[in-house]
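A.B. asks: Here is a sequence with its predicted model. Questions after.
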Amino acid sequence: MTGIPEIPGSDPNARGGLALVGLLVAGTALRAFGLGGDLWHDELFTWLDLIQLPLLDLWQTYPDDNQHLVYSLAARVSVVLFGETPAAIRLPALIFGVGSLWATYRLGIATMSRSHALLATALLTFSYHHVWFSQNARGYTALLFASILSADLLLRGFRNDRARDWVLYAVTLALGMGAHLTMVFVALAQGFVVLGFLAQPVTRKVAVRALGALTLGGVFTLALHAPLMGELMDFYLQPSAGATTADVEWKSPLWLVNEAIRSFGVPLAVGWTAALVAAVPMTWGLFGLGRRSPAAAVVFVLPAVLGFVALVLLERNLWPRFFFNSFGYIALLAVSGIGGLVAALAARLRAPEWLPTAALVAIVVVSAATVPRNYLLPKMDYSGARDWVEGQATDGDVVVALDLAGHAYSRYYAPQFATADSIDELRAVASQEGDTWIIYAFGGYIEAREPDLWRELLTFEEARAFHGTLGGGTLIIRRAPVGTPALVR
């Protein structure tokens, strides 16, 4: 494995100037707009179960993998300062999201040209998914920030071998691990790079310091998690902790790809075609980076590979969000690949020199066109579904919220609703004098855990669906008239 990329015309210490400042201002504005919409399930229970706790109690609590420690602590500070509002709960996600834009530019100028670094940052700035996660009260933008910045600090550490970079690298690793435990795959990938440099006499001296920084990052991580380590270990020692033991579709690699495509709001056929086409410039960009620095290429690609393999082997849920921390790497490879491929074609065809830049700007514009989708709907429309069904129900009717939706309504959005988790519980609370209105979301969970309930549920009339931007988060309302045989006690 040979050295760190030294790109002609690229200055690792360069500043983005007004262009970068403009992107950061635009990114902040896009992510601040609509920050206070309805909290979806995971956000809501992060707030109810964790963020409402006193800071020290919060630091000692790990009820389940909904605890993203660094995010929970930051959100606790935010609500103390600004009040218990959805916007305050989501504010750390916004801050880390904008920070990840800066980190992407910083990594970009260390691995490619300044113009490509700016265009990759612009691609993320005007990305629907990046905006969505920057308004999501979870640890994913903190994980993204730490993943990108740690890669940059590792490469700069090898290049400059400054104590400051190594200490910041260790702190960033711990920050990422505190944000989300999938940061371990980033650390492992970077560890492989360090081992590669240790194997070469010419780089062994600096690699020893890199190994020391990795170790220090592990020490910081253990110190950060020490107050809740007992509960954390108890949780993860459970069989299939955080995932159902049922044979469900969201453990399938094919489902992972299809779900990622659906998140773009396009038909699967279109999405698969686009993905196959996009693979060409992405591969071009990866090989170009690999020629300049195999180390950088490994740092960009290996975390996602390790994460995917581990999740499949452990039979864990393959949620697309588990790979969000690769977004910065993907943007940089995409811009580098498209720019390089178009430049090669332009040179062969004797096309204008500005053509590669124009192609990249066009890609950014297309990405920007998807951003308004983020504001058209809430992540989950709990309030809309509640208000509509209450307007429809008459005397003698009963509204029942099922499973995960039942937890959200009973604890926050509508405590007055009945709840049920099984067909027997639904029969017990169903109206015997009027209609029974049933609200649920995440039907796949109900189907996997309570198949009898799911079969009966599908026999009831669907009255209304309240869509949101969260995949699978549509609130479905079904109506069972009085006397429905499946509900008669």
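C.D. replies: That came through, no problem. Residues are numbered from 1 along each chain as shown.

A.B. asks: Go through the helix or strand of the chain with the lowest mean pLDDT and flag the buried ones.
C.D. replies: Taking mean pLDDT, DSSP states H and E as the measure, the chain has helix 253-262 as its least confident helix or strand, at a mean of 76. Neighbour-count burial for helix 253-262, counted by 16 or more other CB atoms under 10 Å, picks out 255-261. For glycine as for every other residue, the C-beta is placed from the backbone atoms N, C-alpha and C.

A.B. asks: ok, now stretch 210-224?
C.D. replies: 210, 213-214, 216-217, 220-221, 224.

A.B. asks: out of those residues, which are inside helices?
C.D. replies: 210, 213-214, 216-217, 220-221, 224 (DSSP state H).

A.B. asks: Show me the contact partners of stretch 386-397.
C.D. replies: Here stretch 386-397 makes contact (CB atoms under 8 Å, 6 or more residues apart in numbering) with 399, 409, 413-414, 417, 431, 433-437, 439, 463-464, 466, 477, 482.

A.B. asks: same deal with stretch 196-215?
C.D. replies: By CB under 8 Å, 6+ apart, stretch 196-215 touches 1, 3, 154, 157-158, 161, 166-167, 169-170, 173, 187, 190-191, 194-195, 294-295, 298.

A.B. asks: Among these, name the buried ones.
C.D. replies: Buried subset of the contacts of stretch 196-215 (neighbour count, 16+ other CB under 10 Å): 1, 3, 154, 157-158, 166-167, 169-170, 173, 187, 190-191, 194, 294-295, 298.

A.B. asks: Out of those, which sit inside helices?
C.D. replies: 154, 157-158, 166-167, 169-170, 173, 187, 190-191, 194, 294-295, 298.

A.B. asks: if we take those, which one ends up nearest to A405?
C.D. replies: Using CB to CB, A187 is the member of those that sits closest to A405, with 36.6 Å.

A.B. asks: Retrieve the pLDDT associated with the nearest residue to that closest one once chain neighbours are set aside.
C.D. replies: Spatial nearest neighbour of A187, chain neighbours left out: L173 (5.7 Å); criterion: CB to CB, 6 or more residues apart in numbering. Here the pLDDT value assigned to L173 is 97.

A.B. asks: domain ranges for this structure?
C.D. replies: Per automatic domain parsing, the structural domains of the chain span 17-376, 382-487.

A.B. asks: re the thing from before, now the buried residues of stretch 210-224 in TSV, with distance to A448?
C.D. replies: Formatted as TSV, the buried residues of stretch 210-224 follow (distance: CB to CB, whole Å):
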residue	distance to A448
A210	44
A213	43
L214	39
L216	42
G217	37
F220	38
T221	33
L224	34
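
A.B. asks: which pair in these spans the largest distance?
C.D. replies: A210 and L224 (20.9 Å).

A.B. asks: just to revisit the earlier point, tell me who's in contact with the residue nearest to A187.
C.D. replies: Listed by CB under 8 Å, 6+ apart, the contact partners of L173 are 146, 150, 183, 186-187, 214, 217-218, 220-221.

A.B. asks: can you check V219 too?
C.D. replies: By CB under 8 Å, 6+ apart, the contact set of V219 is A170.

A.B. asks: That one and I109: what is the separation?
C.D. replies: Using CB to CB, to the nearest Å, V219 is found at 30 Å from I109.

A.B. asks: Are we agreed that L181 is in a helix?
C.D. replies: No. Per DSSP: H, G, I helix; E, B strand; the rest coil, L181 lies outside any helix segment and is coil.

A.B. asks: Look at it and report its pLDDT.
C.D. replies: L181 carries a pLDDT score of 94 in this model.

A.B. asks: if we can go back for a sec, so how far is the least confident helix or strand of the chain from its chain's centroid?
C.D. replies: Distance, stretch centre to chain centre, for helix 253-262: 15 Å (CA atoms, centre = their mean, to the nearest Å).

A.B. asks: try stretch 405-415
C.D. replies: Remark: stretch 405-415 is offset 25 Å from the chain centroid, using CA atoms, centre = their mean.

A.B. asks: tell me which element the residue of the chain most remote from its centre is part of?
C.D. replies: Among the C-alpha atoms of the chain, the one farthest from their average position, using CA atoms, centre = their mean, is that of E433, at 45.4 Å. Following DSSP states H and E, there is no helix or strand that holds E433.

A.B. asks: residue contacts, it?
C.D. replies: The contact partners of E433, taken as CB under 8 Å, 6+ apart, are 396, 482.

A.B. asks: rerun at 10 Å
C.D. replies: Taking CB atoms under 10 Å, 6 or more residues apart in numbering, we find E433 in contact with 395-398, 482.

A.B. asks: and if you look at T273?
C.D. replies: The contact partners of T273, by CB under 10 Å, 6+ apart, come to 261, 266-267.

A.B. asks: Helix, strand, or coil at A362?
C.D. replies: Following three-state DSSP, A362 is assigned to helix.

A.B. asks: quick one: it from P356, how far?
C.D. replies: Computed as CB to CB, the A362 to P356 distance reads 11 Å.

A.B. asks: Over to F33?
C.D. replies: Distance from F33 to P356, counting by CB to CB: 32 Å.

A.B. asks: Those two: who's more crowded?
C.D. replies: Each of F33 and P356 had its neighbours counted (other CB atoms under 10 Å), and the higher figure belongs to P356 (24 against 13).

A.B. asks: what helix or strand does the more buried one sit in?
C.D. replies: With elements taken from DSSP H and E, the one containing P356 is helix 355-368.

A.B. asks: Output the below-cut-off pLDDT ranges for the protein.
C.D. replies: Filtered on pLDDT under 70, the chain yields the residue ranges 1-16, 240-250.
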